[in-house]
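> Show me how the following folds:
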Amino acid sequence: MKLKTKSSAKKRFSFTSSGMVKSAQCGKRHNMRKRSNRMLRNARGTTLMHASDAKKVSAFYFHV
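Numbering: from 1, shown residues only. All right, here's what the predicted structure looks like:
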């Protein structure tokens, strides 16, 4: 039987053409008053994951 891709990983992460993992920036869900404007500006958009974290994500995504 073929295994399904984890739907949670499919919604939260995507891959670049070179195989790196893209994800949303963290720390922007609540308590914005405490965060500096500089932090909020830098946390816009997406970022590339560190290689050690990306291994865990691709394990969920590809069932390695």
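
> Let me know the distance separating the residue at minimal distance from the centre of the chain from residue 33.
Taking C-alpha atoms, centre = their mean, the centroid of the chain lies closest to residue 23, which sits 2.5 Å from it. Plainly put, residue 23 is 25 Å away from residue 33 if you go by C-beta to C-beta, to the nearest Å. Every C-beta, even on glycine, is put in place using the N, C-alpha and C of the backbone.

> Count the residues that sit near the nearest residue to residue 45 once chain neighbours are set aside.
Nearest residue to residue 45 in three dimensions, chain neighbours excluded: residue 25, at 6.7 Å (C-beta to C-beta, 6 or more residues apart in numbering). Using other C-beta atoms under 10 Å, residue 25 is surrounded by 13 other residues.

> would you list every one of the strands in the protein?
Assigned by DSSP state E, the strands in the chain fall at 13-15, 21-24, 46-48.

> Show me what counts as buried in the lowest-mean-pLDDT helix or strand in the chain.
Across the helices and strands of the chain, mean confidence by mean pLDDT, DSSP states H and E is lowest for helix 7-12: a mean of 84. Buried residues in helix 7-12, counting neighbours by 16 or more other C-beta atoms under 10 Å, are found at residue 9.

> now stretch 15-26
By 16+ other C-beta under 10 Å, the buried positions in stretch 15-26 come out as residue 21.

> Need the contact partners of it.
Identification of contacts with stretch 15-26 by C-beta atoms under 8 Å, 6 or more residues apart in numbering yields 12-14, 42-49, 53-54, 57-58, 61.

> can we see that at 6 Å?
13-14, 43, 46-49, 54, 57 (C-beta atoms under 6 Å, 6 or more residues apart in numbering).
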